[in-house]
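In: Need a 3D model of the sequence below.
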Amino acid sequence: MTYYFILIMANTGMRTMEARNLRWRDIDVRKDSQKRSFAAINVRGKGKYRELVAASNVVDNLEKIRKISNATKPEDFVFSTYEGKSDPDNYGSYIEDLLTTVKLLYSSSGSRRSAYCLRHTYATFRLMEGVDVYFLAKQMGTSVKMIEDYYGHITPAKNAERILQGISGWEPVAEISGGKAAGVNAKADGKKRKPARKK
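Out: Numbers count the residues shown, from 1 in each chain. Got it, this is the predicted structure:
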């Protein structure tokens, strides 16, 4: 459960309180116009409700939880204990043990990491992929100002290719001798990445 909790948190940007309150009835698996699965998840915390979306990898991990959980009725908590109750600690002791084992419990600045850091991981990765700050703020249930203030260090240098595209000298790299040259969407292994889709 801790493993799937970590993966889902790092791929949704959910707050830990929202994860603790999440029930199976709050998840609606849908298809987009290209028949790709995604989850529309209604989360609540601090008296507020909102909807976020999650890609098919999260849908897959939710299905894996269903297979190992003793609590899969609509009213049951998704992230539950063996007895099917909500875990008030969000598997915190397991996450702490894991971070301690791999020597990542403390950041380079000395702050202690917790499950909440997975929300920051999500935001950082989404921004590095060029997700619009407005859409990210909506997804995470926060303000554009908070995203800009907290994650401003990620841009603009990390997104230079996106910011400068279209300017002379920053045109997309052309194909060379039948093979594709490494461009703005190339991974370190030389394989082309799919371009980000506009929403």
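In: what's downstream of the longest strand along the chain, the next helix or strand?
Out: What stands out as the longest strand in the chain, according to DSSP state E, is strand 37-45. Where DSSP states H and E defines the elements, the next helix or strand beyond strand 37-45 is strand 48-54.
In: where does this structure have low pLDDT?
Out: The chain contains residues with pLDDT under 70 at 155-163, 172-199.
In: Tell me where it has helices.
Out: Assigned by DSSP state H, the chain shows helices spanning 2-10, 16-21, 56-68, 92-101, 117-128, 133-140, 144-151, 160-164.
In: Buried ones in the longest strand of the chain, by neighbour count?
Out: Of all the residues in strand 37-45, those buried under the rule 16 or more other Cβ atoms under 10 Å are 38, 39, 41, 43, 45. The way it works is simple: take the backbone N, C-alpha and C, and place the C-beta from them, glycine included.
In: by how many degrees do that strand and strand 48-54 diverge?
Out: For strand 37-45 against strand 48-54, the angle by axes from the mean of the first three to the mean of the last three Cα atoms, to 10 degrees is 160 degrees.
In: And the contacts of strand 37-45?
Out: 12, 14-15, 17-22, 26-32, 49-56, 58-59, 62, 141 (Cβ atoms under 8 Å, 6 or more residues apart in numbering).
In: Could you dump the helices of the chain into CSV and include distance to residue 109 and mean neighbour count?
Out: Output for the helices of the chain, formatted as CSV (distance: least, Cβ to Cβ, whole Å; neighbours: other Cβ atoms under 10 Å):
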stretch, distance to residue 109, mean neighbour count
helix 2-10, 20, 19
helix 16-21, 21, 20
helix 56-68, 30, 15
helix 92-101, 15, 15
helix 117-128, 12, 18
helix 133-140, 22, 16
helix 144-151, 14, 14
helix 160-164, 25, 13
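In: May I see those helices arranged in JSON lines, with distance to residue 110 as well?
Out: Converted to JSON lines, these look like this (distance: least, Cβ to Cβ, whole Å):
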{"stretch": "helix 2-10", "distance to residue 110": "22"}
{"stretch": "helix 16-21", "distance to residue 110": "21"}
{"stretch": "helix 56-68", "distance to residue 110": "32"}
{"stretch": "helix 92-101", "distance to residue 110": "14"}
{"stretch": "helix 117-128", "distance to residue 110": "14"}
{"stretch": "helix 133-140", "distance to residue 110": "25"}
{"stretch": "helix 144-151", "distance to residue 110": "18"}
{"stretch": "helix 160-164", "distance to residue 110": "30"}
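In: Those helices: which one's closest to residue 108?
Out: helix 117-128 (13.1 Å; Cβ to Cβ).
In: Return the closest one as CSV; C-alpha atoms alone will do.
Out: C-alpha atoms of helix 117-128 as CSV (Å, rounded to 0.1, in the frame of the first residue of the first chain):
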residue,chain,number,x,y,z
CYS,A,117,7.2,16.3,-0.3
LEU,A,118,5.6,14.0,-3.0
ARG,A,119,3.3,17.0,-3.8
HIS,A,120,6.4,19.1,-4.4
THR,A,121,7.9,16.4,-6.6
TYR,A,122,4.7,16.4,-8.7
ALA,A,123,4.8,20.2,-9.1
THR,A,124,8.4,20.2,-10.0
PHE,A,125,8.1,17.5,-12.7
ARG,A,126,5.0,19.1,-14.2
LEU,A,127,6.7,22.5,-14.5
MET,A,128,9.8,20.9,-16.0
